[in-house]
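**Student:** Here is my input; please provide its structure:
(chains A, B, C and D)
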Protein chains: 2
Amino acid sequence: MANPRIEERKLRDKQARRAQIIRAARRIAELEGWPSVTVRRLSDEISYSQPVLYAHFGSREGVLAAVAVEGFQELGLAMEKARKRMKRGSAVESVATAYLEFAASSPALYEVMFSLSLNVPFGHAATPPELRFAFSQILELFHEQRSKSEVTSELFWAGLHGIAELTRTKRFPPSRQKERVRVLVELFTFPESEIGKMEEAKESCR
Amino acid sequence: MANPRIEERKLRDKQARRAQIIRAARRIAELEGWPSVTVRRLSDEISYSQPVLYAHFGSREGVLAAVAVEGFQELGLAMEKARKRMKRGSAVESVATAYLEFAASSPALYEVMFSLSLNVPFGHAATPPELRFAFSQILELFHEQRSKSEVTSELFWAGLHGIAELTRTKRFPPSRQKERVRVLVELFTFPESEIGKMEEAKESCR
DNA sequence: TACATAATCTAGCAACGCTAGAATAGATGC
DNA sequence: GCATCTATTCTAGCGTTGCTAGATTATGTA
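**Tutor:** As a prediction, the model looks like this:
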């Protein structure tokens, strides 16, 4: 019980199997949908019996939650990359495109990220850091803004999420997607400059 | 087999039972969540055996779909009412508020309206008219607009849906909801009206 | 080698969606 | 009023699900 090498190996094995389960769940979900992701199917995939899964995740929903957290991590990274690539100007557009590309390329993953409702509010301490990291990438976009940046970020996120969801559930035809992004980006970048101009105009009037 | 009165009565009974099932599903869903809406539970509620449910809706999902369609009808009516109440000016705000109020007051209903992905695209002929009616209320808002009104409507819907979903799944704190609506409405009315005001200001300058 | 602990499996429970075939109720013809 | 035929409804059960208690095996320790 006191050999550290053995303990480390066990931990590695455990994490490897955990990752294997998550990978299998994602693959099956993308190919056949979440209802096909059953505990029996997953145990078959990893060649272990069902109780092993419960030892790792506690429940089927625990597996989905783990997949969702992984999804937020990846989405956050994708947005960070997009934001940093475009230093100035069209960072908003770059992030918007990255977000919607993520949602479109992994629809099942995106679905599970929002289908499970959080048991705790977003701001809560128990909220996984991966979620906060993802949202922080949007916050960063509107950081240096005169008006309340938090509400603007929330609305931008809501717009992206709405587009992603309504596209995924076939309410929006995929054809006009580029135009949607263009107009959305305009909405969230115009106000800055245009309001400025307008106020200038008023000033010059007096 | 040829008595019309009897046939009519049977039809009425059928529709009444159908409505009863939908009502029970909605009530259980709002109180305990959709997983609690089981076929056995619903048959208990209407005091019939399970096969009767399948005669009406074909499957459990058929029940949910019927509830969803009813939801779209109600949402459409709520938006129409809000839009017509405000003839001029803040129709956008009125509709936005009505939309989010609907989503907040019947979260389970709103959930099922978008959790079932359509088997056919939105524009398709087989799309229930209730869905088109609801969206037409948003289209109407931006009907007389210089730029492409369809994309604007889609984005407005996406914004509302995003806010509704992120609030429902506890990503957004409910506290700032009023401010969110205010900024959203500004985003979608500014271009129109403010440009107008700006031109007025210029006029009065001379 | 003997023991103790940790890891894993077998087997099964209750509940689920769904359906075939039996049983009942209801309308029609005489 | 009775028989018949159809439509409606129920009983009973199949296969699958998430999940778990208790038996079983593997693994590290002395």
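
**Student:** For residue A:9, grab the count of nearby residues.
**Tutor:** By other C-beta atoms under 10 Å in any protein chain shown, 11 other residues sit near residue A:9. From N, CA and C alone the C-beta is placed, and that goes for glycine too.

**Student:** How about the contacts made by the closest residue to DNA strand C within chain A?
**Tutor:** Distances between chain A and DNA strand C by C-beta to the nearest atom of the strand are smallest at residue A:49, namely 3.4 Å. Neighbouring residues of residue A:49 by C-beta atoms under 8 Å, 6 or more residues apart in numbering or on different chains: residue A:43.

**Student:** Residue A:40 versus that one, what's the distance?
**Tutor:** For residue A:49, the distance to residue A:40 (C-beta to C-beta, to the nearest Å) stands at 10 Å.

**Student:** Residue A:61 too?
**Tutor:** For residue A:61 relative to residue A:40 (C-beta to C-beta), the value is 16 Å.

**Student:** now residue A:13
**Tutor:** Distance from residue A:13 to residue A:40, by C-beta to C-beta: 22 Å.

**Student:** repeat for residue A:25
**Tutor:** On the measure of C-beta to C-beta, residue A:25 and residue A:40 end up 13 Å apart.

**Student:** okay, these two: which has more neighbours?
**Tutor:** residue A:25 (26 against 10).

**Student:** so, in contact with chain B or not, the helix or strand hosting that one?
**Tutor:** Following DSSP states H and E, one finds residue A:25 within helix A:4-32. No - using C-beta under 8 Å from any C-beta of the partner chain, helix A:4-32 stays clear of chain B, coming no nearer than 13.7 Å.

**Student:** Tell me the buried residues in that helix?
**Tutor:** Using 16 or more other C-beta atoms under 10 Å in any protein chain shown as the test for burial, helix A:4-32 gives A:17-18, A:21-22, A:24-26, A:28-29.

**Student:** what about chain A, any weak spots by pLDDT?
**Tutor:** A:1-7, A:87-89, A:120, A:146, A:190-206 (pLDDT under 70).

**Student:** all helices for it, in order.
**Tutor:** All helices of chain A, identified by DSSP state H, fall at A:4-32, A:39-46, A:50-57, A:60-85, A:91-105, A:107-115, A:129-141, A:149-168, A:177-205.

**Student:** Now render these as CSV, adding distance to DNA strand D.
**Tutor:** Converted to CSV, these look like this (distance: least, C-beta to the nearest atom of the strand, whole Å):
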stretch, distance to DNA strand D
helix A:4-32, 5
helix A:39-46, 4
helix A:50-57, 4
helix A:60-85, 3
helix A:91-105, 25
helix A:107-115, 13
helix A:129-141, 22
helix A:149-168, 22
helix A:177-205, 33
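
**Student:** So which of these is nearest residue B:79?
**Tutor:** Residue B:79 lies closest to helix A:149-168 among the helices of chain A, at 15.8 Å (C-beta to C-beta).

**Student:** how far is that closest one from where the chain is centred?
**Tutor:** With C-alpha atoms, centre = their mean, to the nearest Å as the basis, helix A:149-168 stands 12 Å off its chain's centre.

**Student:** same check, this time on stretch A:17-25
**Tutor:** Relative to its parent chain, stretch A:17-25 has a centroid offset of 19 Å by C-alpha atoms, centre = their mean.

**Student:** same thing with stretch A:40-60?
**Tutor:** For stretch A:40-60, the distance to the chain centre is 25 Å (C-alpha atoms, centre = their mean).

**Student:** what's the answer for stretch A:105-112, then?
**Tutor:** Centroid separation for stretch A:105-112 versus its chain: 9 Å, with C-alpha atoms, centre = their mean.

**Student:** If you count neighbours, what's buried in that stretch?
**Tutor:** A:106-112.

**Student:** From the rest of the structure, what touches that stretch?
**Tutor:** A:26, A:29-30, A:33-34, A:64, A:67-68, A:71, A:74, A:102-103, A:164, A:168.
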